[in-house]
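Engineer: the amino acid sequence is not available; the structure is as follows:
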Ligand code: SF4
Ligand code: SF4
C-alpha cells in the first residue's frame, strides 16, 4: 500500500487510448500488485478443492496439474452443456462496445482488457478455437486462440479484476452478463487450483464456524454482549438478545461483517434496538451466522453448500420465516439462487409482519424478507417512534449495492427508510445510482489489501460521484446496505472523498429510534455527541 | 488491418460473381443452385443454432433488473424493467427487440477537469435502429419478387418507402437510410480507438458485405435499370421449384444475388446469430420472480449438504455451554 499514488496522480495516469499492439499480442502483467494472494494449500485441502500447493503468481511456473489443458477443456464443455447463459453469451456478442466504458475497472484503469467485452473475449477466443468450426479453421482472423499457460494467467488476472457487479449487462443490447462469464471462468480456474485466498479462506471459515470471519459461537455471544452493553450506555436501556433459541417466530441472519467490523457493528446495534422496540419474537444463530455467501465467488456447488445452513437452521429452530440483514451478495444469492438450490422450504410460512400484518407476497417462495422491506413497512404503518433530529449532524447519500440493485431491484425501500430518519439526504449523480450504480470495487472477494491500487482505480466512479455530493451538498456520510461495502467503501471514500464516513442504513434507524423507557441520549451509536449535546 | 482483410474478401466475392456469372456464363450455378443451397444452409443452420442453445437449460434465474422490484404496496414497481409476470416480461422483450431499449441507456465516459463525466450517447442506438429497420423494409419490399399476385401489405410498404416521390425509378428511403446506418456503424468501428481495438475480421466482414449488397442493389435499380420482368421470372421460378434463367438478366444481378447467398450461408455461423440469440438471453427473458415462485435447476445436486449443525455443535459444545448458549446434547 506504501506505493499507492496520490488520488490526483492516479487520476492523471488514466489513458483510454489502447496500446499499439493487438490484445492477443499484449502480454499479461503478472507482477505483484496485479493479483490477490493465492489460496493457502490447507484451505483447499479442507474444502476438497483440486491441486492444493504453495505457489506464487509472479513465478513463471504456476505448478499446474500436468493435464490442465484437458481439465479446462472438459470443464468448459460441461458448463456449455449445463448453462444456456454461457453458451449464448459466448456466441452472440457483436462487439458493439456499448459495455466498454461501463465497467468501473476500465474507467479507472484504461486497461482495454478491463472492458467487459474484451474480458469476455479472453474466454471467447478459447471457446472459438475449441468449440466452433470457424475458429478451428480460420484461427486468429476470427479472434480465436489456443489455450496456453499465458492465456490461463491472463484469465487469472482479469477475471479477478471483475467484481461480478453486472453493470455491463444492463447496457448490453442482448443482456450479455460478463459477471456470468467471470463466474464460469473462475470455476474453470478452480479446477486447476488457481484461486485466491481472500475467497477460499472465508469459504472455509463459513463452512466450519458459520461465518466468514471464523467467529466461534462463544465469541459471537461475547460480541453481542458488548453491543448490548454499548446500547445500555447510550440509551440507558438493557435489551435482551436471544441466540440459538428454539421456538421464536423469526430468525434474523445478517453478514458477519456487521457483527465484527467497524462500522458494521453500529448497524447491528441498530437492528437489535429496532427488534427490541417493536417487540419482535426473534432469535439469532451462531451456526447460521453468515448471510454473505462467498461460495458465490467459487462455484455453484459451494454456494449451495454454504447457503443451505440458513434453511437448515430455520428448520432446526422451528421459526416461521427468515429476516435478512443488510448485505449485497447475500441478497443476490437469496433472490436468484436460494430457492432453486436449497428449497423449497415448505417447513416455513409465507412471511407476515407480526407488527403490521403485512404479508410479504414478494417473498412467498424463499420465505425471506429484506430488513429494509420490513422496516419500510413498519414506518409506513407508523409503528416506530422516531426522532430524526438525532441524525442532524449527518448529511448522507446512499450507495446502491450492485447485487441487490441489479439482481433484485431493491432501491426505494432503503431510500424510504433513510428519508424517515434523516433530514439531510442527497442523491449522487443519476448515472451512478439505482440500477446504474457503480461498484465499490471490492466485491466478489476482491476487498483485499494487496491489490489496493486496482481497488482505488475501480473505485474512481463511485468515489468521484461521492466527491460531487460532498462538494455540492456537504455530504459527510455514505450509507449503504451491504457489509462488504461498509468495509470497502471506507478506504475508497478516504482516498477519493476524504472526510466522508460510511454507515449502514439501520445505524441511522438506531440513532433515531426512541426506545420505551430510554434516557435522554447524549451521543449517537458511535458515541459521538449529538448535535446540541457537545461539550 | 482487419477492416482491410474484410474489404479484400468482399471484393473477391464480387469478382467471383462477375467472372463466374459473366465471363464463364455459369448462370445456372449462380442463379439457381447457389440460392437453393444458401437458403437451405441458412434455414438448417439457423434452426440448429437455436436448438443448440435451447438444449442447454437455464439452471438459475438470473435476470438483470433495470428498476424497482415488486415489493410493498406503496412502493412503485417498475413493471417493464423489473418484470414479475410473463406478460410484463413479454413487454420487456418486445421493447428490447423492437426498440433496443438497453442500448438506449448508453452513455459515454470522459475525464474532464479531474472528474469522470457521463454523457448520453444515443448515436449507436439511433443508427442501429435505422440500419435494422431499413433492412427490414428492404426485405419486405423484396418479397414482391416471390409472390404472384403481390400481397397488398407489401405494396403498402413500398408505397410508404417511396413516399418522397423523388426521381425515376422512385427513390426508396430505405435504400439511402441503410447506407447511412451501415456507414455509421463502420465509421464508428474505424474511428473509435477502443472499438478498433476489439474489432475482428468477423466484425467488418458482415458490414462490408451488406454494404456491397446494398450498393449492387442500388446500382441495379437506379443506374443499370435492370429488366425487372426478367428478374421476377427468375425468382418466381425459384419459388415454384421450376427454376429458369430468363434472357436479359444482367450480371450485376448475379453479383447482388451471390453476395446475398454469401450472407445467408455466413449468417448461422457468425455473430449475426444475435438476431436469434437475443430471444434466448436469460438476463432479459426471465421474470424476476425467484423469491415468489420455484425455479427448477436440473443440475441441482441433492448430495450437497451443509456442514451439519450436529458436527458444528460437536466442534464447539464445551465453549457453547460455558457461554450459556443452548445446545442439543449436553455432552
Ligand atoms: S454491449 Fe454486449 S454485444 Fe456489445 S460488446 Fe458488450 S457484450 Fe458485446
Ligand atoms: S461485471 Fe462489473 S466488474 Fe465485471 S466486467 Fe461487468 S462491469 Fe466490469
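Structural biologist: Received the coordinates, thanks. The shown structure was predicted, so the numbers you read here are calculated from the model rather than taken from an experiment. Ligands and ions are numbered 1, 2, ... in the order given.
Engineer: low pLDDT regions in the stretch 101-250 of chain B?
Structural biologist: Counting by pLDDT under 70, the stretch 101-250 of chain B shows no low-confidence range.
Engineer: just the stretch 401-535 of chain A next, same as before
Structural biologist: Judged by pLDDT under 70, the stretches of the stretch 401-535 of chain A that qualify are A:535.
Engineer: try 90
Structural biologist: Applying pLDDT under 90 to the stretch 401-535 of chain A flags residues A:442-445, A:447-448, A:483-484, A:530-535.
Engineer: just want the residue of it that's nearest chain B.
Structural biologist: In the stretch 401-535 of chain A, no residue comes nearer to chain B than residue A:409, which is 3.5 Å away by C-beta to the nearest C-beta. Yep, even glycine has a C-beta here, placed from its N, CA and C like the rest.
Engineer: correct me if wrong: that residue contacts residue B:68.
Structural biologist: Yes: checked against C-beta atoms under 8 Å, the pair residue A:409 and residue B:68 is within contact range at 5.3 Å.
Engineer: count of residues packed around the closest residue to the residue of the stretch 401-535 of chain A closest to chain B other than its chain neighbours?
Structural biologist: With C-beta to C-beta, 6 or more residues apart in numbering or on different chains as the criterion, residue A:409 has its nearest non-adjacent residue at 3.5 Å, and that residue is residue B:69. Other residues near residue B:69 come to 27 when the count uses other C-beta atoms under 10 Å in any protein chain shown.
Engineer: so where's the longest helix in chain B?
Structural biologist: Using DSSP state H to define each element, chain B has its longest helix at helix B:34-55.
Engineer: stretch B:170-181 close to chain A?
Structural biologist: No: for stretch B:170-181, no contact with chain A is found by C-beta under 8 Å from any C-beta of the partner chain; the gap never falls below 13.2 Å.
Engineer: what segments of the stretch 351-500 of chain A are strands?
Structural biologist: Using DSSP state E, counting those that start in this stretch, the strands of the stretch 351-500 of chain A run over residues A:368-370, A:395-399, A:424-425, A:477-480.
Engineer: quick one: which of these is nearest ligand 1?
Structural biologist: When the strands of the stretch 351-500 of chain A are compared by C-beta to the nearest ligand atom, strand A:395-399 sits nearest ligand 1, at 24.6 Å.
Engineer: what helices or strands is that closest one leaning on?
Structural biologist: Secondary-structure packing of strand A:395-399 (3 or more C-beta pairs under 8 Å, 6 or more residues apart in numbering or on different chains; DSSP states H and E): helix A:412-421, strand A:424-425, helix A:460-473, strand A:477-480.
Engineer: between the ones you listed, which gets nearest to residue A:283?
Structural biologist: Nearest of those to residue A:283, taken as C-beta to C-beta: helix A:412-421 at 23.2 Å.
Engineer: give me the contacts around that closest one.
Structural biologist: Applying C-beta atoms under 8 Å, 6 or more residues apart in numbering or on different chains, the contact partners of helix A:412-421 are A:370, A:372-373, A:375-376, A:379-380, A:384, A:386, A:388, A:391, A:396, A:398, A:425, A:479, A:481, A:505, A:508-509, A:511-512, B:68, B:71-72, B:75-76.
Engineer: just the ones in helices from those, please.
Structural biologist: Those of the contacts of helix A:412-421 lying in helices (DSSP H): A:372, A:373, A:375, A:376, A:379, A:380, A:505, A:508, A:509, A:511, A:512.
Engineer: residue A:191: neighbouring residues, count only.
Structural biologist: For residue A:191, the neighbour count with other C-beta under 10 Å is 20.
Engineer: residue B:221 is in contact with residue B:169, isn't it?
Structural biologist: Yes: between residue B:221 and residue B:169 there is a contact under C-beta under 8 Å: 6.1 Å.
Engineer: neighbour-wise, which of those two wins?
Structural biologist: Regarding residue B:221 and residue B:169, a neighbour count based on other C-beta under 10 Å identifies residue B:221 as having more, with 18 against 10.
Engineer: for the more buried one, give me its contacts.
Structural biologist: B:169, B:175.
Engineer: hmm, 10 Å instead?
Structural biologist: Residues near residue B:221 by C-beta atoms under 10 Å, 6 or more residues apart in numbering or on different chains: B:169, B:170, B:171, B:172, B:175, B:228, B:252, B:256.
Engineer: next one: it from residue B:252, what distance?
Structural biologist: From residue B:221 across to residue B:252, the span is 10 Å (C-beta to C-beta, to the nearest Å).
Engineer: mind telling me what element the residue most central in space within chain B is part of?
Structural biologist: Nearest residue to the geometric centre of chain B (C-alpha atoms, centre = their mean): residue B:275, 2.8 Å. Using DSSP states H and E, residue B:275 maps to helix B:274-277.
Engineer: buried sites along the helix or strand following that helix?
Structural biologist: Next in sequence after helix B:274-277, counting helices and strands by DSSP H and E, comes helix B:282-285. Going by neighbour count (16 or more other C-beta atoms under 10 Å in any protein chain shown), the buried part of helix B:282-285 is B:282, B:283, B:284, B:285.
Engineer: is any part of helix B:282-285 close to chain A?
Structural biologist: Yes: Helix B:282-285 reaches chain A (C-beta under 10 Å from any C-beta of the partner chain) through B:282, B:283, B:284, B:285.
Engineer: which residues are contacting that helix?
Structural biologist: Outside of helix B:282-285, the residues within contact range by C-beta under 10 Å, 6+ apart are A:83-86, A:88-89, A:166, A:169-170, A:172-177, A:179-180, A:406, B:58-66, B:83, B:89-90, B:92-93, B:95-97, B:101-102, B:278-279.
Engineer: can you name the element that comes right after that helix?
Structural biologist: helix B:309-322.
Engineer: surely residue A:172 touches residue B:66?
Structural biologist: No: in this structure, residue A:172 is not within contact of residue B:66 by C-beta atoms under 10 Å, at 11.7 Å.
Engineer: give me the three-state assignment for the closest residue to residue B:322 other than its chain neighbours.
Structural biologist: With sequence-adjacent residues excluded and distances taken as C-beta to C-beta, 6+ apart, residue B:322 is closest to residue A:218, at 6.5 Å. Under DSSP: H, G, I helix; E, B strand; the rest coil, residue A:218 falls in the helix class.
Engineer: distance of residue A:218 relative to residue B:325?
Structural biologist: Taken as C-beta to C-beta, the span from residue A:218 to residue B:325 is 7 Å.
Engineer: show me where the stretch 51-200 of chain B has its strands.
Structural biologist: For the stretch 51-200 of chain B, strands defined by DSSP E, counting those that start in this stretch occupy the ranges B:107-112, B:115-120.
Engineer: CSV for the ones you listed, including distance to residue B:200 and mean neighbour count?
Structural biologist: What follows is those, written out as CSV (distance: least, C-beta to C-beta, whole Å; neighbours: other C-beta atoms under 10 Å in any protein chain shown):
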stretch, distance to residue B:200, mean neighbour count
strand B:107-112, 22, 14
strand B:115-120, 28, 16
